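[1] sequence below, structure please.
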Amino acid sequence: MFNEILINRYNLIHNVEQVKLKNPKSLICAMVKANAYGVGLKEVVKTIEGLVDYFGVSCFFEAKKVRKYTKKNILVVGALEYKKINPDFSYTCNSLEDVKYLASLNKKIKIHIKINTGMNRYGINDTKEFKEMLNIIKDSSLQLEGIFTHFATTDEYVFCQMKKFNKFINIVKKLKLKVLIHADNSFVNEKYNHNLSMVRIGFNLYNRNDFEFKPVVNIRSKIVQINSIKKGDLVGYDYRFVARQGMKIAVVPVGYADGFDLGYIGCDLNIKGYDCKVLNICMDCFMLDITNTDLKKGDDVYILNHINSLKMYANYINSSPYEIMTKFSNMRAERKFIN
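    Just a heads-up that it's a prediction; the model follows:
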């Protein structure tokens, strides 16, 4: 196979240990939703399961996949799927209705209550509703395992959200409930660190590239064909590129079906020190201008590395590194561990 996703096991372990050093008194929930942010679920879980306490996923489907590779706790942070409840997992309750439904099952089910402090996505924002949920839990077979919120930004809005969250934390403390309290994600934990009983870390485990955290994934392909074209020739579909002069172009077998977005047309990729413009992208391949280079068939093309980075792609299409990485999750590629 021409395409390879190269996973650096050492860097992945290093990143987890960086989180543990920063949070010595907190449990670690490694977020592995969306195929571990595109890195590879199986590979990530098996590598770090001895270093973390929980794995976090978005839905029941993902929880079942994670269970194949670990016996660790699994927290489903997304919307509650009423007909897909397995007491083997921990579930998020986003409403009084969720708690009532789970209580009616009369099973020992571990739950976390989601507090909406300003993200306005999932969760409750009323302390009265929260207390009613706690009363139902107290008289049921349910086990309240935790309460949590999620931050929308990393600026001063964090303080506003934390102030709201503290109202719910104070209720828990007043009732002397022993539950996990968690809020910090990768960037908030790095900037503020609220020293709660658990942190949920996703992106920092995978593809940061700075002083503390190391990139875990490189994506490598190859030049599989080189074409010489003349003025007026098309490259790819729909007149997206028409040559204005004679050119030499390279074909790389990565396309939008692999997460290489059509929006990247026009951006420059650094290939062996040359800046090569992406001329067009098809479902299964893209074409590069290599006119003034000595690149040849069989040469490696790094789709993702320290130069052709998630940040570079995100800036080019006004997106986020999260979106770029999860799109690459679809790549038809062999996953390989490197050390």
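[2] all helices for the stretch 51-200 of the chain, in order.
    60-67, 96-104, 127-138, 157-174, 186-191 (DSSP state H, counting those that start in this stretch).
[3] with mean pLDDT added, can I get those helices in JSON lines?
    Formatted as JSON lines, those follow (pLDDT from 0 to 100):
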{"stretch": "helix 60-67", "mean pLDDT": "98"}
{"stretch": "helix 96-104", "mean pLDDT": "98"}
{"stretch": "helix 127-138", "mean pLDDT": "98"}
{"stretch": "helix 157-174", "mean pLDDT": "98"}
{"stretch": "helix 186-191", "mean pLDDT": "94"}
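[4] V251 is nearest to which of those helices?
    Smallest distance to V251 across these (C-beta to C-beta): 34.2 Å, for helix 60-67. C-beta: built from backbone N, CA, C; applies to glycine.
[5] what would the helices of the stretch 51-200 of the chain look like in a markdown table with distance to P215?
    Below are the helices of the stretch 51-200 of the chain laid out as a markdown table (distance: least, C-beta to C-beta, whole Å):
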| stretch | distance to P215 |
| --- | --- |
| helix 60-67 | 23 |
| helix 96-104 | 38 |
| helix 127-138 | 40 |
| helix 157-174 | 26 |
| helix 186-191 | 14 |
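[6] so which of these gets nearest P24?
    Here helix 186-191 is closest among the helices of the stretch 51-200 of the chain (C-beta to C-beta), at 12.8 Å.
[7] buried residues in the closest one, which are they?
    Applying a neighbour-count criterion of 16 or more other C-beta atoms under 10 Å, one finds 186-190 buried in helix 186-191.
[8] likewise for stretch 49-66?
    By 16+ other C-beta under 10 Å, the buried positions in stretch 49-66 come out as 49, 52, 54-58, 60, 62-63, 65-66.
[9] closest one of those to K327?
    Using C-beta to C-beta, S58 comes nearest to K327 of the buried residues of stretch 49-66, at 16.2 Å.
[10] nearest to M162 among the buried residues of helix 186-191?
    Nearest to M162 among the buried residues of helix 186-191 is V188, at 9.2 Å by C-beta to C-beta.
[11] any idea how far the nearest residue to the closest one once chain neighbours are set aside is from L12?
    Spatial nearest neighbour of V188, chain neighbours left out: F151 (4.8 Å); criterion: C-beta to C-beta, 6 or more residues apart in numbering. F151 sits 24 Å away from L12, taking C-beta to C-beta, to the nearest Å as the criterion.
[12] more neighbours: the two, which one.
    Neighbours per residue (other C-beta atoms under 10 Å) separate F151 from L12, with L12 holding more: 25 against 22.
[13] what helix or strand is C276 on?
    strand 274-281 (DSSP states H and E).
[14] can you give me the buried ones in that strand?
    Neighbour-count burial for strand 274-281, counted by 16+ other C-beta under 10 Å, picks out 276-281.
[15] what do you get for stretch 156-173?
    Neighbour-count burial for stretch 156-173 [16+ other C-beta under 10 Å]: 158, 161-162, 165, 168-169, 172.
[16] check stretch 64-78 too.
    Residues of stretch 64-78 classed as buried under the neighbour-count rule (16+ other C-beta under 10 Å) are 65-67, 69-70, 72-78.
[17] cool, and stretch 227-242?
    Neighbour-count burial for stretch 227-242 flags 229, 235-236, 240-241 (criterion: 16+ other C-beta under 10 Å).
[18] with stretch 205-214 instead?
    By 16+ other C-beta under 10 Å, the buried positions in stretch 205-214 come out as 205-208, 213-214.
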